[in-house]
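**Q** Fold the stuff below for me.
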Amino acid sequence: MSEADEIELRRLRWKCRRGMRELDQLFGRYLDRSWRQASESERGIFLRLLEIEDDKLWHWFMGHDAPTDAELAGLVERIRNLPP
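**A** Model (predicted):
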């Protein structure tokens, strides 16, 4: 991984800190296991996901609600299914 990629990953880790342990763990797990091999399209979806309000994210990731956007819904499901 290039130095620019490492800087971007550190920036994303900071942006993923939500103050909710569950979300922090889910986003951190995604960055650790999936970000490097994710397509540009998936990375864009993830960046869109980070713009969503925390309470809405929490409901999505806990399965109480689902995004109406199919791309976001697919990524939420993928992140939820990453092994701990």
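
**Q** Not counting stretch 58-69 itself, show me its contacts.
**A** 20, 22, 23, 26, 52, 56, 72, 73, 76, 79, 80 (Cβ atoms under 8 Å, 6 or more residues apart in numbering). Glycine gets a C-beta too; all of them are placed from N, C-alpha and C.

**Q** In CSV, list those along with distance to residue 44.
**A** Formatted as CSV, the contacts of stretch 58-69 follow (distance: Cβ to Cβ, whole Å):
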residue, distance to residue 44
20, 23
22, 24
23, 20
26, 19
52, 14
56, 19
72, 11
73, 15
76, 15
79, 15
80, 19
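
**Q** Pick out whichever of these sits closest to residue 36.
**A** Relative to residue 36, the closest of the contacts of stretch 58-69 is residue 79; by Cβ to Cβ it sits at 15.0 Å.

**Q** any chance you could map the helices in the chain?
**A** Ranges of helices within the chain are 3-16, 21-30, 40-49, 54-61, 70-80, based on DSSP state H.
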